[in-house]
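**Q** Please work out how this folds:
(chains A and B)
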Amino acid sequence: MARPNEEVAAVLQEYADLVAITGGDAFKARAYEKAARAVGGHPADVSTLDLDGLRGIPNVGRSIAEKVIEYLRTGRVAAFEETRASVPPGVRELLTIPTLGPRKALALYEELRVSSVDELLDAIHRERLRGLKGFGEKTEQNILHGIELLRKAGGRILLSAAADAAERIVADLAGIEGCEDCAVAGSLRRMRETIGDVDVLVAAARAEPFMEAVSTLPYTAEVIARGPKKTSVRTLDGLQVDLRVLPPDAWGAGLLYFTGSKAHNIRVREIAVRHGLKLSEYGLFRVKSGRKVVSRTEEEIYGRLGLPWIPPTLREDRGEIAAGLADGLPELVTEDDIRGDLHTHTDLTDGLAPLEDMVAAAAGRGYAYYAVTDHAPDLAMQRMTREKALAQRDRLRALEGKYGRMRLLHGTELNIGPDGEVDWPDDFLAGFDLCVASVHSHFKQSREELTRRLVRACENPYVAIIGHPTTRLIGKRPPIDADFDAVFAACARTGTALEINAHPERLDLGDEEILRARRHGVKFAVNTDAHSVTHLPYLRFGVGTAQRGWLTKDDVINAWPLQRLRRFLRPAAG
DNA sequence: GCCGTTTTCGGCCCGACTGTTTTCAGTCG
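**A** The predicted structure is shown next:
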């Protein structure tokens, strides 16, 4: 149920993979990959563009533009079909295993006829990889480890994908006559970092029209179960969606029940029992008489139990009930509190959009300030130089004042090297408004080395924010093994903020680390690390994660007014 | 296949690491 841009990007990426797997021209594969990325990050809906419009997208030339049009018109690209037919789909699946690229996938297929992850596991267990050229013992271990990592994600999908799907369904169902309310519940409403299945609730007197609608939506691939109260479907993307229709009078009780978490619900029910009440998805009832007390809204139910309304992002049984009873719930930071993004890229390095487009999009979001932080030279592939950075600064300064009161900050994302050193010397760093510093390589250093490395970065007076601190990629790469309590302590001591990277694949720091870091007295920055204008709205996933870490706007430096932020970024400069 | 041009070809992000080799291919950021 991807939007047209994502759908087209996926088709182009598939072809790029196929070209690589079949040993085709590596530059051609690369060209398709670049085009896929550009289409995915393009702000305009590709299905509304003509040939010239498509060719206006960077890295999309005549040939690809024509194929995109063909795809949008017919749902397929004739030129891709032959290559597609020559490689079983499962071979491409092998590429999702970290450390396994197209060359190895091809060797496995050609030599052993392996064409799925399961077949690969089987081949390894039967020691069929032994003796295969280029596959030693370590390779085997790495593949097994990679598969384990994949399996751990266990069919759960990224928050952003679930949110896209859910919002489309909610919009479609809300338009049906008789719909009094429609909302997502479950782990998506709680903004967990991955989502198993999507729970959608509707309040309506008659359930049938909604059961029928969800079963026949254009993006519904399969009806798994259909009953009077609940229908489960699988979308074209393979996502399971459970729809439940509630009587409007039981809306609050149903929303509470289906939002969870299970552990939170158990705690709430325990309180109900102590009040001589019982709570179900139908309402709050007196135990003795069975009479209903309240059920219409969540506020009423919590209120009757002596609790304030508890934000869904806190409902994990991490002390929110006790805090609520003691009137001690945090006033959580909200998306509206965020005054600016402090970690973003442009096409000067690996971003997709020019500086001017990114700044214009930021202004459109109503920010009070906005930082551009392209990569520094130590990430060699980005080819950054002092001259380029300074030229960008001039361009940025020239935009200052063009967007009302939005102030522009010129920053950089430094690379934290193996010993904790960063790209540029102090005198050059002093010229930036802020420096984010992040780990991009050498993930497998020892715990001591990694810890020392991050602590050293914190101690650099010019480093204001540690970017994506654990470097994990959800379902792809585990967090680095550092002593993060030592890092958090160093952040608190040196006045260095920890990033909450809002990219749905990262969400780094995650909620648990935020809770730990917070106890050290650390400040945070919720940033998107946007590489295109379409990434700027990812902020909400970062804010959701911050909320799950119990953060208030005082904990988040980019919820502060500019003056206070500047003092934090550059204490030396006053 | 895209792009830019000192345009219609020749380059394409560069370097490091890992594991497999014994000089290099594959993968990653």
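
**Q** So what does A:Pro425 look like in phi/psi?
**A** The phi/psi pair for A:Pro425 (degrees, to the nearest 10) reads phi -70, psi 160.

**Q** Convert stretch A:150-160 to CSV, retaining C-alpha atoms only.
**A** In CSV, the C-alpha atoms belonging to stretch A:150-160 read as follows (Å, rounded to 0.1, in the frame of the first residue of the first chain):
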residue,chain,number,x,y,z
LEU,A,150,16.7,-10.8,10.4
ARG,A,151,14.6,-13.4,12.1
LYS,A,152,14.7,-11.4,15.4
ALA,A,153,12.7,-8.6,13.7
GLY,A,154,10.2,-11.5,13.5
GLY,A,155,7.9,-10.2,10.9
ARG,A,156,7.4,-6.9,12.6
ILE,A,157,7.5,-3.9,10.4
LEU,A,158,8.9,-0.4,10.8
LEU,A,159,6.8,2.2,12.6
SER,A,160,6.6,4.4,9.5
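
**Q** Same question for it: list its buried residues.
**A** Within stretch A:150-160, the residues scored as buried using 16 or more other C-beta atoms under 10 Å are A:Leu150, A:Arg156, A:Ile157, A:Leu158, A:Leu159, A:Ser160. All C-beta spots, glycine's among them, are computed from the backbone N, C-alpha and C.

**Q** what's near enough to touch the fifth one?
**A** When you say that, I think you mean A:Leu159. A:Leu188, A:Met191, A:Arg192, A:Glu193, A:Thr194, A:Ile195, A:Pro504, A:Leu507, A:Phe541, A:Gly544 (C-beta atoms under 8 Å, 6 or more residues apart in numbering).

**Q** can I get these in CSV with distance to DNA strand B?
**A** Converted to CSV, the contacts of A:Leu159 look like this (distance: C-beta to the nearest atom of the strand, whole Å):
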residue, distance to DNA strand B
A:Leu188, 27
A:Met191, 25
A:Arg192, 23
A:Glu193, 18
A:Thr194, 18
A:Ile195, 23
A:Pro504, 16
A:Leu507, 16
A:Phe541, 20
A:Gly544, 24
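
**Q** Farthest pair within those residues?
**A** A:Leu188 and A:Leu507 (13.8 Å; C-beta to C-beta).

**Q** Between the two, which is the more surrounded one?
**A** A:Leu507 (27 against 23; other C-beta atoms under 10 Å).

**Q** Kindly export stretch A:182-198 (C-alpha atoms) in CSV.
**A** The C-alpha trace of stretch A:182-198 is given here as CSV (Å, rounded to 0.1, in the frame of the first residue of the first chain):
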residue,chain,number,x,y,z
CYS,A,182,-12.1,5.9,13.8
ALA,A,183,-8.6,5.5,15.2
VAL,A,184,-5.5,3.3,15.4
ALA,A,185,-4.8,1.5,18.6
GLY,A,186,-2.3,-1.1,19.6
SER,A,187,1.5,-0.7,19.5
LEU,A,188,1.2,1.8,16.7
ARG,A,189,-0.7,4.2,18.9
ARG,A,190,1.9,3.6,21.6
MET,A,191,4.6,4.3,19.0
ARG,A,192,6.6,1.2,19.5
GLU,A,193,9.6,1.0,17.3
THR,A,194,8.3,-1.9,15.3
ILE,A,195,4.7,-3.0,14.7
GLY,A,196,3.4,-6.6,14.5
ASP,A,197,-0.1,-5.9,13.2
VAL,A,198,-2.2,-2.8,12.9
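
**Q** Now do the same for the residue nearest the centre of chain A: helix, strand or coil?
**A** In chain A, the centroid-proximal residue (C-alpha atoms, centre = their mean) is A:Pro504; its distance is 0.4 Å. Classification of A:Pro504 using DSSP: H, G, I helix; E, B strand; the rest coil returns coil.

**Q** ok, now which ones touch it?
**A** A:Leu158, A:Leu159, A:Ser160, A:Ala161, A:Ile474, A:Tyr538, A:Phe541.

**Q** hang on, the earlier thing: now flag whichever of the contacts of A:Leu159 is closest to A:Ala250.
**A** The closest of the contacts of A:Leu159, once distances to A:Ala250 are taken by C-beta to C-beta, is A:Leu188, at 20.6 Å.

**Q** Tell me the buried residues in the helix or strand containing A:Val233?
**A** A:Val233 belongs to strand A:230-235 when assigned by DSSP states H and E. Residues A:Thr231, A:Ser232, A:Val233, A:Thr235 are the ones in strand A:230-235 that count as buried (16+ other C-beta under 10 Å).

**Q** Which pLDDT value belongs to A:Asp554?
**A** For A:Asp554, the pLDDT comes out at 98.

**Q** Run a quick neighbour tally on it.
**A** The burial count assigned to A:Asp554 is 13, neighbours taken as other C-beta under 10 Å.

**Q** what kind of secondary structure is it in?
**A** Quick answer, by three-state DSSP: A:Asp554 is helix.

**Q** Now do the same contact list for the nearest residue to the residue nearest to the centre of chain A once chain neighbours are set aside.
**A** Of all residues not flanking A:Pro504 in the chain, A:Ser160 sits nearest, at 3.6 Å (C-beta to C-beta, 6 or more residues apart in numbering). Going by C-beta under 8 Å, 6+ apart, A:Ser160 touches A:Pro504, A:Tyr538, A:Phe541.

**Q** Tell me how far the closest residue to A:Val214 other than its chain neighbours lies from A:Lys230.
**A** Closest residue to A:Val214 apart from its sequence neighbours, by C-beta to C-beta, 6+ apart: A:Leu243 at 4.7 Å. Distance, A:Leu243 to A:Lys230, using C-beta to C-beta, to the nearest Å: 7 Å.

**Q** Out of the buried residues of stretch A:150-160, which comes closest to A:Ile500?
**A** Using C-beta to C-beta, these come closest to A:Ile500 at A:Leu159, 13.3 Å.

**Q** wait, what's in contact with A:Gly56?
**A** A:Leu49 are the contacts of A:Gly56 under C-beta under 8 Å, 6+ apart.

**Q** Tell me what A:Val184 is bridged to.
**A** A:Val200 (DSSP bridges).

**Q** picking up where we left off before, turn the buried residues of stretch A:150-160 into JSON lines, including distance to DNA strand B, secondary structure and pLDDT.
**A** As requested, the buried residues of stretch A:150-160 are exported to JSON lines (distance: C-beta to the nearest atom of the strand, whole Å; DSSP: H, G, I helix; E, B strand; the rest coil; pLDDT from 0 to 100):
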{"residue": "A:Leu150", "distance to DNA strand B": "11", "secondary structure": "helix", "pLDDT": "78"}
{"residue": "A:Arg156", "distance to DNA strand B": "20", "secondary structure": "coil", "pLDDT": "78"}
{"residue": "A:Ile157", "distance to DNA strand B": "20", "secondary structure": "strand", "pLDDT": "84"}
{"residue": "A:Leu158", "distance to DNA strand B": "16", "secondary structure": "strand", "pLDDT": "89"}
{"residue": "A:Leu159", "distance to DNA strand B": "20", "secondary structure": "helix", "pLDDT": "93"}
{"residue": "A:Ser160", "distance to DNA strand B": "19", "secondary structure": "helix", "pLDDT": "92"}
